[in-house]
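**Student:** sequence? don't have it. structure:
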Ligand SMILES: *Cc1c(COP(=O)(O)O)cnc(C)c1O
């Protein structure tokens, strides 16, 4: 197995390079050239096994021997030791047919931890082999910064600087970042807006000299290793509900199409998945696509599920590659058209193929709040607003009622306490391991929106410069 670009023009790479590269040189995304298979007997053998063991079994074929088996098992155990639930991603029953798989027991209470806790450790391993270091720089409006910081904290070979707009994140979001005092972590409160922060990071990436000097890197959502790590919980959930002898469906609240693409990958590997139900908020480009076969952007609307306020779902390109029979030139032309015009259309045949597996549903703000209230009333279970969009899509799905539907619970309700309180009348408390968040000391550097100052700051933090 090797990794190929969805646009067909970049060299194929091995696992280590795919991990460190992120985006392919031709602008495409890396995918495996063939899907490793889990046979029915392989799946049966995973029944009752701990998450970490399943994780090693599922991910090992993707490593191409780049990491020794025992070493990889150690990395996996270490990554998931930061989770507060023994099952890592436990399965909860809502009613006779609906389940949720909780992905929020990691350090920042959202599903990105599942992939990022492993990613940071994989970076360390590969960089040590190469005797190299990287400097991760990113901008956040509040939510993704903490997951990146938790992924990189205390890593030997990684330094991380995260910029957030001064005074414009919620206190919980800020403290989740600034209370990490590890020496390789720096938080910058930029005197400016989120867009200023994002522009500053872009400018650093567009400066080749600076980029090389600090070995600049990003923890971005198109990294193959993130998809790889997310396949695992689709396998554990399906196996717990009877796979390979029983089909399951998944309902996934979607922004960048990363999480649901991992479900698609699980199916490609042999997990019996009958349907993938995509939930969107008002930013419903994907729901419209699966209804009409046309991808068409519009302006981003801010919602109560902010991690899905996205109009360009970058990981969708990986699915498109398969819908276009892995024709890289066709994908490149389509993505180019999308970039120029904000729209593209697939053929009727391609749409038909897509909707054999996928369906998409939009859930607006009022409906999201109603879903949170209803699920709390009927099952005594609190949904965060992202999860509620998926659970609502599951309700709308057109599917044989004997197939269980697993909704992905992507954030702990306490991450979005205002919406939860509005819907249920109850303000969810932070879990025990974060209960003292408001007493923890913070470290943050307030800096002006000035490129020279920002670059100097990053340079001073970066051990790659000295190394
Ligand atoms: C990132 C995120 C999503 C969207 O996931 P994608 O992989 O980008 O589709 C949904 N919910 C929460 C809470 C998230 O943090």
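**Tutor:** Structure's in. What do you need? In this text the structure is predicted, and so the values were computed from the model without any measurement. Residues are numbered from 1 along each chain as shown.
**Student:** for the chain, which residues are neighbours of the ligand?
**Tutor:** 110-112, 221, 253-259, 307-308, 386, 410-411 (C-beta under 6 Å from any ligand atom). The way it works is simple: take the backbone N, C-alpha and C, and place the C-beta from them, glycine included.
**Student:** return the item of those residues having minimum pLDDT.
**Tutor:** On pLDDT alone, residue 221 ranks lowest of the residues of the chain next to the ligand, at 83.
**Student:** got the contact list for that one?
**Tutor:** Neighbour list for residue 221: 256, 258, 314, 315 [criterion: C-beta atoms under 8 Å, 6 or more residues apart in numbering].
**Student:** tell me if I'm right that the second one and residue 227 touch.
**Tutor:** When you say that, I think you mean residue 258. Yes. With contacts counted by C-beta atoms under 8 Å, residue 258 reaches residue 227, the gap being 6.4 Å.
**Student:** list the residues that are in contact with both of the two.
**Tutor:** Counting by C-beta under 8 Å, 6+ apart, the residues touching both residue 258 and residue 227 are residue 315.
**Student:** in the stretch 1-150 of the chain, what residue comes closest to the ligand?
**Tutor:** Nearest residue of the stretch 1-150 of the chain to the ligand, counting by C-beta to the nearest ligand atom: residue 110, 4.4 Å away.
**Student:** any idea how many residues pack against the residue nearest to that residue when sequence neighbours are not counted?
**Tutor:** Once flanking residues are discounted, residue 110 sits nearest to residue 411: 4.5 Å by C-beta to C-beta, 6 or more residues apart in numbering. Counted by other C-beta atoms under 10 Å, the residues lying close to residue 411 total 24.
**Student:** which residues does residue 411 contact?
**Tutor:** Contacts of residue 411 (C-beta under 8 Å, 6+ apart): 104, 109, 110, 111, 307, 384, 386, 387.
**Student:** pretty sure residue 272 sits against residue 241.
**Tutor:** No. Using C-beta under 8 Å, residue 272 is not in contact with residue 241, being 10.1 Å away.
**Student:** identify the contacts common to these two.
**Tutor:** Joint contacts of residue 272 and residue 241 (C-beta under 8 Å, 6+ apart) are residue 248.
**Student:** circling back to that earlier point, among the residues of the chain next to the ligand, name the ones in strands.
**Tutor:** Among those, the members found in strands (DSSP state E) are residue 253.
**Student:** ok, which stretches of the stretch 351-467 of the chain are strands?
**Tutor:** Using DSSP state E, counting those that start in this stretch, the strands assigned to the stretch 351-467 of the chain run over residues 358-362, 405-409, 445-448.
**Student:** mean neighbour count added to these, as TSV?
**Tutor:** Output for these, formatted as TSV (neighbours: other C-beta atoms under 10 Å):
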stretch	mean neighbour count
strand 358-362	22
strand 405-409	28
strand 445-448	14
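**Student:** make JSON lines from these and add mean pLDDT and distance to residue 236 to it.
**Tutor:** Below are those laid out as JSON lines (pLDDT from 0 to 100; distance: least, C-beta to C-beta, whole Å):
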{"stretch": "strand 358-362", "mean pLDDT": "98", "distance to residue 236": "22"}
{"stretch": "strand 405-409", "mean pLDDT": "98", "distance to residue 236": "10"}
{"stretch": "strand 445-448", "mean pLDDT": "98", "distance to residue 236": "41"}
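**Student:** quick one: buried residues of stretch 92-106?
**Tutor:** 94, 98, 99, 100, 101, 102, 103, 104, 105, 106 (16 or more other C-beta atoms under 10 Å).
**Student:** wait, residue 227 sits on residue 269?
**Tutor:** No. In terms of C-beta under 8 Å, residue 227 does not count as a neighbour of residue 269; the distance is 11.9 Å.
**Student:** who has more neighbours, the two?
**Tutor:** Legend: neighbour count by other C-beta under 10 Å for residue 227 and residue 269, higher for residue 227 (24 against 21).
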